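Asker: attaching a predicted model along with its sequence, questions to come.
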Protein chains: 2
Amino acid sequence: MNQFIKKYYDALITPSGGGGAVTVLSPATVANIVCGFDILGFALNEPNDEFTISFSDEKGVTIINDDEYNLPLDSEKNVSGAALLALLDETPDIKGFQLISKKNIKPGSGIGSSAASAAGAVVAANYLLENRFSKEDLVRFAMFGEKVASGVKHADNIAPAIYGGVTLIRSIFPLDIVSIDAPELHVTVVHPQIEVRTADARQILKQRVLLKDAIKQWGNIAGLVAGFLKHDYDLIGRSLEDVIIEPVRSILIPGFDEIKKKCKEAGALGGGISGSGPSIFMLSQNAVAAKVIEAVMKEVYNNMGLAYHTHVTTLNQQGVKLISA
Amino acid sequence: MNQFIKKYYDALITPSGGGGAVTVLSPATVANIVCGFDILGFALNEPNDEFTISFSDEKGVTIINDDEYNLPLDSEKNVSGAALLALLDETPDIKGFQLISKKNIKPGSGIGSSAASAAGAVVAANYLLENRFSKEDLVRFAMFGEKVASGVKHADNIAPAIYGGVTLIRSIFPLDIVSIDAPELHVTVVHPQIEVRTADARQILKQRVLLKDAIKQWGNIAGLVAGFLKHDYDLIGRSLEDVIIEPVRSILIPGFDEIKKKCKEAGALGGGISGSGPSIFMLSQNAVAAKVIEAVMKEVYNNMGLAYHTHVTTLNQQGVKLISA
C-alpha cells in the first residue's frame, strides 16, 4: 500500500462525516450459466473485490483506487461511483461517500468485474446506512453501474453478487429476482488473456432465433432450474447445453470446444462461457474433480501457448460479505 | 351399454388369452402451461377416459368403441391402437390385445384427448404385463399414438398423463422427462364448441422469434418451474405469461382476451390456451376461486352466444389410474 492510499485508510479511523467505515468483499459471478442467457447467474467464493466506504463531507462520491487498474475517478464514469450516485439520489440526508476500491477481479474477464464493483459499493453503503434499503433496491442502484460498464442495465451478475447463490432474473422491468436454492457446487474458471468486449459479444448475436432452437433452449433452462432446486446433479449436467448463444460466441474464445469437451470427459458436470467471455467455467460435484478440471484447462492453453489465469472455487451462497465495520 | 359391447365386457370374465382384464382411467391434460410451449404439461383429475384391456388370441389390436365418437377401428389409424402396436413390437411373447375404449374427453378439445387414448392404452397394457415397462418406455410407445393424431411425436400431454402432476419434457430425442413437484392447484377449463385443428394451430406459428422475446419467455419458464418447485403461488402467477405463442394462437379462440382478463380480475393465478386450444384453462389457489372462475367463463360465452363445456377440477398427481384388475 502506498503512502497516499494509507492516508485515506488511516483517516477512516476518525471519520469526519459521522459513522465509521465499512469494508466488504464483493464476489465474482458467472452470468447466463450456459443456457440461461440474460436470466441466470451465480456467485463465486473467489475471487473478490474489496471495498471500504465511509461517509464524506464532500458532495457525491469520492473514489480512491487501491489497485493497478486506473479505473475512472469521475464518479459518473466509474461503475461503483454510478451505482452509489443512484443510491445517493434516494438518500437526501447523506451528502456523500468516500470509497476505497481494491479490485482483484480483472475488468473484462467475464466473471462480473463490473457487477462486483457496483454491488460491492452499494451493499457496503447500505451497511453504513444500517440496512435502509432492500436487496431489490440495491440491485436497482447497482444496475446504474452496469450501464456505465456496458451501456445496458442488466442484473444477471448483480443479482447473484447481492443475493448470493444462484439467482433468476425472471424480469428486469419490472424487476423480479428469484433465489434458486442450489446444492454444493465446485467451480473451475479459466480466463484466457485475450479481450472480448461485452458490446462485441452482444453485437454478434442474431436478433432472431429459430423457434425450434428456442424450444430446445427453454427445455434446458427449465431442466437447469429444476436440477438446482431438486439438487439433481445429473439433471444439472444434462441441462447445461446452449444451442443459441454459445455456438456464436464461442468463436471468439480460442480453444473453447476443446476445453469443454476435455473437461466433460474429465468429469465436469458441464459448463461454458462465463457471461460474455472470455472466461470459461465448469461445474463439478466435488473439489477433486474441480482441481482435475483446472489441470485440463491449463494443459489446453499451455499447448496453445496462450496466457491464462485459473480459479478453483465454490458456489458462494452469501453474496457480498461484510468483513469489517 | 348396447348388447354388442356388453358381450365383450362379459367375455373378459373368462379371457381366452390368459390373464384377466384391466380397466384404467386416463386423464385429460393441459400442455404448454402458457409459457412452456412443447416442454411443460400437467394432468387433471377430470375428465377421464376409461380403457379396458385384455389379452387376445387375435394378432395385433382389436378395438371396440364404447362411446359415440366413431374413432377408427383400424389399429394403425387409431391413437390407442398405434400406441399398443408400438408396445407389441417389444413384446414378442404377446399375440395381441383387445381394447374397449370409452372416451369422455372430446377429441379436438385441446385437453389431451389423444394423449389420454395413447397413455391409457399402454399403461393398462403394462398392468396386464405386470409392469414390464418403465414409465419412460410407456411414453415412448404412447408417442406413436400422438403421431397418428397430429403427425408429430410429442410428449407434453403424454408425459403428465403417465407420470401425473406437472412434467417437464427437457428433451424429446433423447427422451428426458422430469417430474416437477407442484403444490395443490385448482383448475378451471372452458371448452368453446369450435374446432381448432392442432395442425392449423401449429402452422400459424412463426418459424423465427425475436431473441428478446425468447429471453422473456425463458425467464417466465424458469420462474414457472421455480414457482412450482418452491410452492410459490405468486411466482407461478407472475410467470404465467406467454409472449410468443399466445399472441398468435389466441386469435383462433373467440373471447380469449376477455376471458383471461376477467378470470385474473376474479382471482385466478393465471392461465391461457390449453395445448393448441380451443380450451382455455385457469389455475387457482382454492376450490372457491375455481368455481368463481367457471362462472366468469360461462358469462363471457353466454353473452357471446357460444356453446361451451366447463370442467372444475384439480391437479392430478397420479396420472393414469388403475380402477380394476
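Answerer: Cool, got the structure.

Asker: per-residue confidence at the one residue in the stretch 51-200 of chain A that gets nearest to chain B?
Answerer: The stretch 51-200 of chain A approaches chain B most closely through A:R170 (3.9 Å), counting by C-beta to the nearest C-beta. No exception for glycine: its C-beta is placed from N, CA and C like everyone else's. A:R170 is assigned 97 on the pLDDT scale.

Asker: verify the stated contact: it with A:A159.
Answerer: No: the pair A:R170 / A:A159 is not scored as a contact, 10.5 Å apart, by C-beta atoms under 8 Å.

Asker: which one of the two has more residues nearby?
Answerer: With neighbours defined as other C-beta atoms under 10 Å in any protein chain shown, A:R170 and A:A159 compare such that A:A159 has more, 36 against 25.

Asker: ok, for that one, nearest residue in space, not its chain neighbours?
Answerer: Once flanking residues are discounted, A:A159 sits nearest to A:T167: 4.1 Å by C-beta to C-beta, 6 or more residues apart in numbering or on different chains.

Asker: which residues are contacting whichever strand or helix holds the one you found?
Answerer: Here A:T167, judged by DSSP states H and E, is contained in strand A:166-171. With C-beta atoms under 8 Å, 6 or more residues apart in numbering or on different chains as the test, strand A:166-171 has contacts from A:33, A:36, A:38-42, A:155-156, A:159-160, A:175-182, A:225, A:228, A:315, B:216, B:219-220, B:222-223, B:226, B:235, B:238-239.

Asker: from the residues you listed, which ones fall inside strands?
Answerer: If you go by DSSP state E, the contacts of strand A:166-171 have A:L40, A:G41, A:F42, A:D176, A:I177, A:V178, A:S179, A:I180 in strands.

Asker: most surrounded residue in these?
Answerer: Busiest of the ones in strands among the contacts of strand A:166-171 [other C-beta under 10 Å] is A:F42, holding 31 neighbours.

Asker: surely that one is in contact with A:V30?
Answerer: Yes: using C-beta under 8 Å, A:F42 is in contact with A:V30, at 5.5 Å.

Asker: what touches both of these two?
Answerer: What both A:F42 and A:V30 touch, as defined by C-beta under 8 Å, 6+ apart, is the set A:P160.

Asker: where does pLDDT dip in the stretch 1-150 of chain A?
Answerer: A:1-19 (pLDDT under 70).

Asker: strands along that one, start to end?
Answerer: All strands of the stretch 1-150 of chain A, identified by DSSP state E, counting those that start in this stretch, fall at A:21-31, A:40-56, A:60-65, A:96-102.

Asker: got CSV for these, with distance to chain B too?
Answerer: Shown next, in CSV, are the strands of the stretch 1-150 of chain A (distance: least, C-beta to the nearest C-beta, whole Å):
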stretch, distance to chain B
strand A:21-31, 13
strand A:40-56, 7
strand A:60-65, 32
strand A:96-102, 32
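
Asker: most tightly packed of those?
Answerer: Stretch with highest mean neighbour count among the strands of the stretch 1-150 of chain A: strand A:21-31 (a mean of 27; mean count of other C-beta atoms under 10 Å in any protein chain shown).

Asker: how about the residues of chain A by chain B?
Answerer: Neighbours of chain B within chain A, by C-beta under 8 Å from any C-beta of the partner chain: A:36-40, A:168-171, A:176, A:178, A:180, A:205-212, A:214-223, A:225-226, A:229-230, A:235, A:238-239, A:244.

Asker: now do the strands in the stretch 201-325 of chain A.
Answerer: A:208-210, A:270-273, A:280-284, A:308-314, A:321-324.

Asker: please identify the buried residues of the first one?
Answerer: Along strand A:208-210, the positions that meet the burial threshold by neighbour count (16 or more other C-beta atoms under 10 Å in any protein chain shown) are A:V209.

Asker: what pairs with that strand, parallel or antiparallel?
Answerer: Paired neighbours of strand A:208-210 in the sheet (DSSP bridges): strand B:208-210 (antiparallel).

Asker: kindly report the same for the third one.
Answerer: The pairing partners recorded for strand A:280-284 under DSSP bridges are strand A:186-192 (antiparallel), strand A:270-273 (antiparallel).

Asker: repeat that for the longest one.
Answerer: In the sheet containing strand A:308-314, the strands it pairs with under DSSP bridges are strand A:186-192 (antiparallel).

Asker: A:A155 touches A:I172, doesn't it?
Answerer: Yes: here A:A155 lies in contact with A:I172, judged by C-beta under 8 Å, at a distance of 6.0 Å.

Asker: between these two, which one's more packed in?
Answerer: Neighbour count, other C-beta under 10 Å: between A:A155 and A:I172, A:A155 has more, with 28 against 21.

Asker: what bridges to the closest residue in space to the more buried one that isn't next to it in sequence?
Answerer: With C-beta to C-beta, 6+ apart as the measure, A:I169 is the residue that lies nearest to A:A155, at 4.9 Å, once sequence neighbours are left out. Assessed by DSSP bridges, A:I169 has beta-bridge partners A:I177.

Asker: what's the spacing between A:I169 and B:N220?
Answerer: Noted for A:I169: a distance of 11 Å to B:N220, by C-beta to C-beta, to the nearest Å.

Asker: wait, doesn't A:V225 sit right on B:L224?
Answerer: No: at 9.2 Å, A:V225 does not count as touching B:L224 under the criterion of C-beta under 8 Å.

Asker: turn the strands of the stretch 1-150 of chain A into CSV, columns for distance to B:L25.
Answerer: Below are the strands of the stretch 1-150 of chain A laid out as CSV (distance: least, C-beta to C-beta, whole Å):
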stretch, distance to B:L25
strand A:21-31, 47
strand A:40-56, 39
strand A:60-65, 67
strand A:96-102, 65
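
Asker: now the helices for chain A?
Answerer: Taking DSSP state H as the criterion, chain A contains helices spanning A:3-11, A:79-88, A:113-128, A:135-150, A:158-163, A:198-203, A:211-229, A:233-239, A:246-249, A:256-265, A:287-304.

Asker: out of these, deepest packed?
Answerer: helix A:158-163 (a mean of 32).

Asker: ok, residues contacting that one?
Answerer: Counting by C-beta under 8 Å, 6+ apart, A:26-27, A:29-31, A:41-43, A:112, A:115-116, A:118-120, A:123, A:135, A:138-139, A:142-143, A:145-146, A:166-167, A:169, A:177, A:179, A:316, A:319-320 sit against helix A:158-163.

Asker: mean confidence score for it?
Answerer: pLDDT averaged over helix A:158-163 gives 98.

Asker: go on, stretch A:291-305?
Answerer: 98.

Asker: re the thing from before, what's the closest of the helices of chain A to B:E76?
Answerer: helix A:211-229 (27.9 Å; C-beta to C-beta).

Asker: tell me the angle the closest one makes with strand B:176-180.
Answerer: 50 degrees (axes from the mean of the first three to the mean of the last three C-alpha atoms, to 10 degrees).

Asker: burial count for the residue nearest to A:A159?
Answerer: Neighbours of A:T167 using other C-beta under 10 Å come to 30.

Asker: pLDDT value on it, please?
Answerer: 98.

Asker: and the residue of the stretch 201-325 of chain A that's closest to chain B?
Answerer: A:G223 (3.9 Å).

Asker: wait, that residue sits on B:D176?
Answerer: Yes: with contacts counted by C-beta under 8 Å, A:G223 reaches B:D176, the gap being 7.2 Å.

Asker: before I go, just wanted to say thanks for your time.
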